[in-house]
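> got a sequence here, can you model it:
(2 chains)
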There are 2 protein chains.
Amino acid sequence: MGFPRGKITERDGMRESEIINVALVGTGVIGRSWMRVFSRAGCCTRLYDNDRSQTQKALAWFEESLNLDVSEGFITAKEAESSRALVSAHDDLTDALSGVQYIQESGPEKLEIKQMIFRLLDQTADPEVIIASSTSSLDMNQIAEGLHGISRCIMAHPFNPPHIIPVVEVMPTRKTNPEVTKATIDFLKRMGQKPVLVNFYVSGYLINRIQAAVVREAIHQVERGLADVDAVDTVIRDGLGLRWALFGNFGVNNTNADGGIREYYSRFGEAYKTVMNDLDSTPPTFAPDMIERIGRGVDAMEGKTPLSAICRWRDRMVLRIRALKEKDPNP
Amino acid sequence: MGFPRGKITERDGMRESEIINVALVGTGVIGRSWMRVFSRAGCCTRLYDNDRSQTQKALAWFEESLNLDVSEGFITAKEAESSRALVSAHDDLTDALSGVQYIQESGPEKLEIKQMIFRLLDQTADPEVIIASSTSSLDMNQIAEGLHGISRCIMAHPFNPPHIIPVVEVMPTRKTNPEVTKATIDFLKRMGQKPVLVNFYVSGYLINRIQAAVVREAIHQVERGLADVDAVDTVIRDGLGLRWALFGNFGVNNTNADGGIREYYSRFGEAYKTVMNDLDSTPPTFAPDMIERIGRGVDAMEGKTPLSAICRWRDRMVLRIRALKEKDPNP
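Sure, this is the predicted structure:
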């Protein structure tokens, strides 16, 4: 079972100026997954990491990941071979950036390091090349602050792992050229990803804010003894989450009343306010004893299965759910 | 494509005392969906509603719903026939409750009405019969307060529609017999549902609190212009929700670091606190202009497809996702 994904083909009517060559700078957990995204869509994918052993590990992971996908029937051996043929590793940054139209930076999540990398990339890359950062929490305005080429810098934050989960948060800096924003979104769509535009910097951007709201409420209810870890997870996994894999919040709310979201919010707005006012806005402590209590609940729920097997299950199930949605999309 | 569901069979080694006959009191949107749950699992399912036209509508919906499931291949014609054969409508409450071991009340969501219904049910039903309420927001302690038979009263709140979404929140009153709680949970499991124990009353119980946390954050970000309705929905539908259909919050967090949830919370606890402290704890206004703005965003996202077609898509997709999980469960 495969599923459709972005692909660069002649049918796209691609012009010379469009992105076909990509450099990945930083080849850790996020960077290596981007290898899969860009190479499967047909981009020449050039790797660079100042730690060469990291790139070697990424290439080994890439090989393993392709083989697993072939063995589980998500891609054909021929598709794996096409991906392989498009990837190259480079010891020299100038060499890695040669001929690329797009750079995806996935270095360590520290402001000073990202600033240093961006300075270097801005100096080295041809002026028309887009430089995107995978940062999940830093302010892109600060990462690119003061750079000559700030207008071609942009955030493109994937959700881990991007070759499995398609959403990418795209946030331009205050000085990013709108054409760069548009080209980045178009390019990521062509890669088979689901880019969303985030208009300005807020702590956690969009996706991690929504996740934080759930993490906070989930931990609070276990802490106060309302329900155990497995019960909290069941209401999501066998309830809310079955709908959230299909719609977002508003799409779900739209199906919650015969008259759609206007009727739903009009009828239940007051009830929601009561519940919302009752939610505890204090963050959990994340103190060692709190973490250990939750950890034991997870141990009881997940049993002794190795985490790698659980993650692999997650990946293949997400691919299957995506395939269901590709085959029978929301009418 | 079918999927496994609860079933009462001789293999369960069922004794005379176990639940095989069920009465549904209240046959609106929730009650009618319970018809599907209990009848497909092999229970005699006896309907009562003081509004007879409501029961007629429920029977028509039941027929339509069975036919649709047959036509889409979720059940066989024979399974539909077995369900049909187990359902009966009764004009008289005493008649409806005759020989049942479990009553599922799904009347209007108003405290005085639920109290009145429970008084009547407690007077009419044999003393050992369990009386469960589908209430989603009222305090079960208040619904059953002062009843002679409060020890056999319990909340069993399904998530709409229960024949598609399996989670059921079960909350005993402070005076419910623990054996009743256990029997209710066991019974609902045998029905193919996923009951979770909620230990005491809080506003919104568990599931609607988590939903409220997401609704609040989602609306806030659209209101402040961070992102549009479709962008907010995309981060859930093509990001967070793909994982939440498989794990709950803690199961996801456990896969977020190589060392599992302990490592994840230890490393990212402080970052989470920063985001959590930045979340706006004020509820949205739910004023008409706010609702209209969101409504227009949903219109733009969903196009002109009738809501009934979207809901039917949701139902069949949820059944397919459940089938994927039944076939290849979390290892």
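> and the gap between the most far-flung residue of chain A relative to its centre and residue B:165?
Largest separation from the mean C-alpha position in chain A: residue A:267, at 35.3 Å (CA atoms, centre = their mean). Using CB to CB, to the nearest Å, one gets 20 Å for the distance from residue A:267 to residue B:165. Every C-beta, even on glycine, is put in place using the N, C-alpha and C of the backbone.
> do the same with residue A:258
The value you get for residue A:258 to residue B:165, if CB to CB is used, is 18 Å.
> ok, residue A:138 next?
Taking CB to CB as the measure, residue A:138 and residue B:165 are separated by 38 Å.
> more neighbours: which of the two?
Between residue A:138 and residue B:165, counting by other CB atoms under 10 Å in any protein chain shown, residue B:165 is the more crowded of the two (24 against 18).
> so the more buried one belongs to a strand, correct?
No - assessed with DSSP: H, G, I helix; E, B strand; the rest coil, residue B:165 is coil; it does not lie in a strand.
> now for the closest residue to it other than its chain neighbours, how many residues are close by?
Of all residues not flanking residue B:165 in the chain, residue B:159 sits nearest, at 4.4 Å (CB to CB, 6 or more residues apart in numbering or on different chains). Residue B:159 sits with 24 neighbouring residues when counted by other CB under 10 Å.
> just confirm the residue farthest from the centre of chain A is within a helix.
Yes - counting by three-state DSSP, one finds residue A:267 located in a helix.
> quick one: contacts for it?
The contact partners of residue A:267, by CB atoms under 8 Å, 6 or more residues apart in numbering or on different chains, come to residue A:257.
> residue A:31 contacts residue A:108, correct?
No - the criterion here is CB atoms under 8 Å, and residue A:31 misses it with residue A:108 at 11.0 Å.
> and the two? which has more neighbours close in?
The residue with more neighbours, out of residue A:31 and residue A:108, is residue A:31; 23 against 10, by other CB under 10 Å.
> look up how far residue A:23 lies from the closest residue to that one other than its chain neighbours.
Nearest residue to residue A:31 in three dimensions, chain neighbours excluded: residue A:106, at 3.8 Å (CB to CB, 6+ apart). The spacing between residue A:106 and residue A:23, counted by CB to CB, is 11 Å.
> more crowded one of those two?
Comparing residue A:106 with residue A:23 by other CB under 10 Å, the one with more neighbours is residue A:23, at 28 against 25.
> next, that one: secondary structure please.
strand.
> low pLDDT regions in the stretch 1-150 of chain A?
A:1-19 (pLDDT under 70).
> show me where the stretch 1-150 of chain A has its strands.
Applying DSSP state E, counting those that start in this stretch to the stretch 1-150 of chain A gives strands spanning A:21-25, A:44-48, A:87-89, A:102-105, A:130-133.
> chain B: which of these is closest?
Among the strands of the stretch 1-150 of chain A, strand A:130-133 comes nearest to chain B, with 16.9 Å by CB to the nearest CB.
> can you list contacts of the closest one?
Residues contacting strand A:130-133 (CB under 8 Å, 6+ apart): A:19, A:101-106, A:114, A:118, A:121-122, A:125, A:140, A:143, A:149, A:152-157, A:180, A:183-184, A:187.
> give the partner strands of it in its sheet and their orientations.
Using DSSP bridges, the strands paired with strand A:130-133 are strand A:102-105 (parallel), strand A:153-158 (parallel).
> name the residues that touch the shortest one?
It stands for strand A:102-105. Defining contact as CB under 8 Å, 6+ apart, one finds that strand A:102-105 is touched by A:19, A:21-26, A:31, A:34, A:38, A:97, A:114, A:117-118, A:121, A:125, A:129-134, A:156, A:184, A:187.
> then the last one?
Where contact means CB under 8 Å, 6+ apart, the residues beyond strand A:153-158 that reach it are A:30, A:33-34, A:104, A:118, A:122, A:130-136, A:140, A:143-144, A:147, A:165, A:167-173, A:176, A:180-181, A:184, A:188, A:193, A:195, A:198, A:205, A:207.
> just how off-centre is it within its chain?
How far strand A:153-158 lies from its chain's middle: 10 Å, per CA atoms, centre = their mean, to the nearest Å.
> average pLDDT across it?
Regarding strand A:153-158, the rounded mean pLDDT is 98.
> following that strand, which helix or strand comes up?
Using DSSP states H and E, the helix or strand that follows strand A:153-158 in sequence is strand A:167-172.
> hey, C-alpha coordinates of that following strand in CSV?
C-alpha atoms of strand A:167-172 as CSV (Å, rounded to 0.1, in the frame of the first residue of the first chain):
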residue,chain,number,x,y,z
VAL,A,167,2.1,19.6,8.7
VAL,A,168,4.7,22.4,8.5
GLU,A,169,4.3,25.8,10.2
VAL,A,170,5.6,28.5,8.0
MET,A,171,6.4,31.9,9.6
PRO,A,172,8.0,34.8,7.7
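> mind listing what's buried along the helix or strand harbouring residue A:309?
Element membership for residue A:309 (DSSP H and E) is helix A:307-327. Buried residues in helix A:307-327, counted by 16 or more other CB atoms under 10 Å in any protein chain shown: A:310-311, A:313-325.
> which elements pack onto it?
Of the remaining helices and strands, those touching helix A:307-327 by 3 or more CB pairs under 8 Å, 6 or more residues apart in numbering or on different chains; DSSP states H and E are helix B:241-244, helix B:307-327.
> who in the stretch 51-200 of chain A is up against chain B?
Residues of the stretch 51-200 of chain A lying near chain B by CB under 8 Å from any CB of the partner chain: A:137, A:159-160, A:165-167, A:169, A:194, A:196-200.
> please repeat the previous calculation with a cut-off of 7 Å.
Within the stretch 51-200 of chain A, the positions near chain B by CB under 7 Å from any CB of the partner chain are A:137, A:159, A:165, A:166, A:167, A:194, A:196, A:197, A:198, A:199, A:200.
> and the fifth one, what is it in contact with?
Residues counted as contacts of residue A:167 (CB atoms under 7 Å, 6 or more residues apart in numbering or on different chains) are A:159, A:194, A:196, A:207, B:234, B:235, B:238, B:239.
> do that again at 6 Å, thanks
A:159, A:194, B:234, B:235, B:238, B:239 (CB atoms under 6 Å, 6 or more residues apart in numbering or on different chains).
> farthest-separated two in those residues?
Farthest pair in these (CB to CB) is A:159 and B:234. Separation: 10.7 Å.
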